[in-house]
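> I need the structure of the sequence given here:
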Amino acid sequence: MNEIKFYGRGGQGVVVASQILGLSFFKAGMYPQCYSVFGGERRGAPVASFLRVDKQKILLKCEIKHPSEIICFDDAMFDPAEVKSLLKPGGRILINTARGPDAFADLSAYRVGLIDGPALARQAGLGRIYNTAVLVAYCALNPDLGIASVLEAVKEVAPAHPEANVKAARLAFEQVQIIDSRGSHG
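Numbers count the residues shown, from 1 in each chain. Below is the predicted model:
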């Protein structure tokens with residue numbers, strides 16, 4: 001079973017992104033289970049969302065304490081010490097950031113993906129909406145999910161601006177920087 005934790009702030013599309021990714025896995029023939037946790041429902045407040053995915057029906061109904069993957073929509077909220085205490089060994093991390101690989105050198109025990117979602121969204125004509133770019137970058141980090149399933153789910157959940165979403169998706173898939181546990185860059 002794959003357990004994913006999403007970090008971000010209200011207004012960044014974290015909850016919608018977790019729902020789209022869950023739907024993407026469903027379209028790929030898997031069983032997703034998605035839920036979110038947030039306090040004040042206002043722009044900028046911390047938000048966490050969780051997604052379980054398995055090839056079999058999921059019977060667990062408990063909190064995800066030690067995810068196998070983390071998707072961080074706001075690198076200002078990213079705490080490497082917290083990640084190391086929570087993430088399973090060999091886990092995967094996707095960080096929305098404009099910083100380069102050197103800023104995350106202390107995460108060498110994990111497979112890390114870096115994407116500048118806001119820049120790609122602007123380049124694709126989406127303005128401030130960058131969760132599509134982040135989700136497709138996730139496909140490059142986790143080969144168990146193909147880009148086609150994500151794009152199909154995006155079209156279903158967020159049908160506005162389909163051409164711009166596809167453009168952002170292609171850019172993200174091409175431009176995500178992957179740093180694996182051996183320190184190589186992709």
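
> contacts and neighbour counts: CA atoms only from here.
OK.

> buried residues, stretch 150-165. List them.
V150, L151, E152, A153, V154, K155, A164, N165 (16 or more other Cα atoms under 10 Å).

> find the helix or strand that the fourth one is a member of.
Secondary structure assignment for A153, by DSSP states H and E: helix 147-157.

> equivalent analysis for the last one, please.
Assigned by DSSP H and E, N165 belongs to helix 162-175.

> residue contacts, the residue nearest the centre of the chain?
The C-alpha lying nearest the average C-alpha coordinate of the chain belongs to I71 (Cα atoms, centre = their mean; 3.9 Å). Shown in contact with I71 (Cα atoms under 8 Å, 6 or more residues apart in numbering): I4, K5, F6, Y7, I93, L94, I95.

> check the secondary structure at it for me.
Here I71 is strand, with the state taken from DSSP: H, G, I helix; E, B strand; the rest coil.

> show me the shaky parts of the protein.
Across the chain, the ranges flagged by pLDDT under 70 are 38-41, 159, 181-186.

> the same query, at a cut-off of 80, please.
Scanning the chain for pLDDT under 80 picks out 37-43, 158-160, 162, 180-186.

> hey, where'd the strands end up in it?
In the chain, the strands defined using DSSP state E lie at 2-9, 31-38, 46-54, 69-72, 92-96, 111-115, 177-179.

> distance to N142 added to these, as a markdown table?
Compiled in a markdown table, these are given as follows (distance: least, Cα to Cα, whole Å):
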| stretch | distance to N142 |
| --- | --- |
| strand 2-9 | 11 |
| strand 31-38 | 16 |
| strand 46-54 | 13 |
| strand 69-72 | 9 |
| strand 92-96 | 8 |
| strand 111-115 | 10 |
| strand 177-179 | 10 |
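
> closest one to R170 among those strands?
strand 111-115 (12.5 Å; Cα to Cα).

> contact partners of that closest one?
90-98, 100-101, 134, 137-138, 141, 172, 175-181.

> only the buried subset of these, as a ChimeraX command please.
Of those, the buried ones go into a single ChimeraX selection, burial set by 16+ other Cα under 10 Å:
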select :91,92,93,94,95,96,97,101,134,137,138,141,172,175,176,177,178,179,180,181
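
> from L114, how far off is I95?
5 Å (Cα to Cα, to the nearest Å).

> cool, I64 as well?
23 Å.

> among these two, which residue is more densely surrounded?
L114 (26 against 16; other Cα atoms under 10 Å).

> hmm, I93 is touching I70, no?
Yes: using Cα atoms under 8 Å, I93 is in contact with I70, at 4.8 Å.
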